[in-house]
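Novice: Whatever this is, show me its structure:
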Amino acid sequence: MACRISELVIDAVDPERLAAFWSDVLGYVELGREDDGSIEIGPPGAGFGGPQPTLVLSPTDDPRPKKLRLHIDVNATDRDQDAELARLLALGARHADVGQTGTETWYPLADPEGNEFCLLRRRLDPV
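Specialist: Below is the predicted model of the structure:
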């Protein structure tokens, strides 16, 4: 057996704000807090080590680099892509320009701190 991703760590100027945003986006709940101000969120009832990775929002004062080398892709589970796009924008996401051509089947977005992520077209089971 190989490795699997157990958690993703995202540096955040405001971990509270990003934890709330990503919890709303993914249907996650707060799993814990560390003395350094980090907040871990994950799927309800599963937590760390479950089938989906948790997110750790880690406080930082460092400025965000221009373009990240890694981003998150998300898929809607209970609505079509356009309805999910509207929901994500209402939560605080914004459209991002990452050099797309306009013919993509996904939407490049940014979270409240400017971290890019993409909303893909295909609907997935909510597992």
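Novice: which phi and psi does Val84 have?
Specialist: No Val there; residue 84 is Glu. When read as degrees, to the nearest 10, the backbone of Glu84 gives phi -70, psi -40.
Novice: now it, nearest residue through space, not along the chain?
Specialist: The spatially closest residue to Glu84, leaving aside those adjacent along the chain, is Ala76, at 3.7 Å (CB to CB, 6 or more residues apart in numbering). (C-beta placed from N, C-alpha, C; glycine too.)
Novice: so what's the residue nearest the centre of the chain up against?
Specialist: In the chain, the C-alpha nearest the mean C-alpha coordinate belongs to Trp22, at 5.0 Å (CA atoms, centre = their mean). Trp22 makes contact with 28, 41, 55, 57, 111, according to CB atoms under 8 Å, 6 or more residues apart in numbering.
Novice: try it again with 10 Å
Specialist: Trp22 is in contact with 8, 10, 12, 28, 39, 41, 55, 57, 72, 74, 91, 111-112, 115, 117, counting by CB atoms under 10 Å, 6 or more residues apart in numbering.
Novice: Check which residues of stretch 101-119 are buried.
Specialist: Neighbour-count burial for stretch 101-119, with 16 or more other CB atoms under 10 Å as criterion, is recorded at 106-113, 115-119.
Novice: Specify which member of the residues you listed is nearest to Arg87.
Specialist: If you rank the buried residues of stretch 101-119 by distance to Arg87 using CB to CB, Leu119 comes first, at 9.7 Å.
Novice: how much space between the closest one and Leu68?
Specialist: 17 Å (CB to CB, to the nearest Å).
Novice: Repeat that for Arg4.
Specialist: In terms of CB to CB, Arg4 sits 22 Å off from Leu68.
Novice: of the two, who's got more company?
Specialist: A direct count of neighbours by other CB atoms under 10 Å for Arg4 and Leu68 places Leu68 higher, at 14 against 8.
Novice: and that one, what does it touch?
Specialist: Residues in contact with Leu68 (CB under 10 Å, 6+ apart) are 10, 98, 114-117.
Novice: now swap in Ala110 and tell me
Specialist: For Ala110, the contact set (CB under 10 Å, 6+ apart) comprises 71, 92-98, 116-117.
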